[in-house]
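Colleague: Sequence first, predicted coordinates after that:
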Amino acid sequence: MNWKHLAVSLFGGDHGLHGIDQDGDFLHGTVVFDGMMLTVIGTTGHAPIGVNLALRQARAVLDTIVQHPGRAILLLIDTQGQQLRRRDELLGINRAMAHLGMCIDLARRRGHRVIGLVYDQALSGGFITSGLIADACYALPQAEIRVMRLPAMARITKLAPELLEELSHHNPVFAPGVENYWAMGGVREIWTGDLAVALRQALGDASRDDQRATDGASRGGRRMAASVVQRVLDAA
């Protein structure tokens, strides 16, 4: 979905467009939603997340923490993952993306409600350091989510592509797609119908706990994660 159409669906009329600015692949702005101010930070155009884009998003998060304590943050996610360029590798893309994730985590710890919404594409590190660190991540049904394609997974794991393809039919860990990430708990809910209502419910969710592991267990996508986490906590 085009981010401008999404803004209209979420915030109504032209209001959403007036509050959000696009600078290249970077989205940033402030909108009024249900009478409260909401910081919007995101990417568009299947953006590759390089050092500059990661740091711009991190700066926007930090500015919200300093200038607007407690204000909710909405992350709009459309990315093809990290920028695969020598320049970004030399500048430390791994550290820039880790910094972005740490800023989002800091916002959560400072009492900001942070919501991620995959509205188009979410791949690999660009998703891991944004939507998967938010309090909760949601997705539109037509969105595409994956961390690694099966051919690449086969090269890394040295397993036969045919075996991975067979496993993907029965285990969501090996398969891309919004429904599979919902089954694993990475996506809390898939938004259909009135998007403004869905956002209102997400912002009103009082839960601050990370439910990904428990959701994955109850939905059958990750059966062991929650119990292993609990065993580690009990042994601490």
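Modeller: Yes, it's here.

Colleague: end-to-end on stretch 83-93?
Modeller: 8 Å (CA to CA, to the nearest Å).

Colleague: do stretch 189-205 as well
Modeller: 12 Å.

Colleague: what's the answer for stretch 169-183, then?
Modeller: First residue to last in stretch 169-183 (CA to CA) measures 13 Å.

Colleague: Now do that stretch: distance to the chain's middle.
Modeller: 16 Å (CA atoms, centre = their mean, to the nearest Å).

Colleague: give the contact list for residue 215.
Modeller: 185, 188 (CB atoms under 8 Å, 6 or more residues apart in numbering). For the C-beta atoms, the positions are set from N, CA and C on the backbone; glycine is no exception.

Colleague: For the residue nearest the centre of the chain, which non-adjacent residue is closest in space?
Modeller: With distances taken as CA atoms, centre = their mean, residue 131 lies nearest the centre of the chain, 1.6 Å away. Take residue 131 and drop its neighbours on the chain: the residue closest to it by CB to CB, 6 or more residues apart in numbering is residue 116, 3.3 Å away.

Colleague: Kindly report the same for residue 75.
Modeller: Residue 75 sits nearest to residue 116 (CB to CB, 6+ apart), 4.4 Å away.

Colleague: How about residue 225?
Modeller: residue 213 is the one closest to residue 225 (CB to CB, 6+ apart), at 4.2 Å.

Colleague: correct me, but the one you found touches residue 222?
Modeller: Yes. With contact defined as CB atoms under 8 Å, residue 213 reaches residue 222; the gap is 6.7 Å.

Colleague: which neighbours do these two share?
Modeller: Here residue 213 and residue 222 have residue 185 as joint contacts, going by CB under 8 Å, 6+ apart.

Colleague: Settle it for me: which of the two has more neighbours?
Modeller: residue 222 (22 against 18; other CB atoms under 10 Å).

Colleague: Looks to me like that one is in a helix.
Modeller: No. Going by DSSP: H, G, I helix; E, B strand; the rest coil, the assignment for residue 222 is coil, not a helix.

Colleague: State the pLDDT value of residue 208.
Modeller: For residue 208, the pLDDT comes out at 61.

Colleague: next one: the one 5 residues further on
Modeller: Listed pLDDT for residue 213 reads 88.

Colleague: that's a helix at it, yeah?
Modeller: Yes. Counting by three-state DSSP, one finds residue 213 located in a helix.
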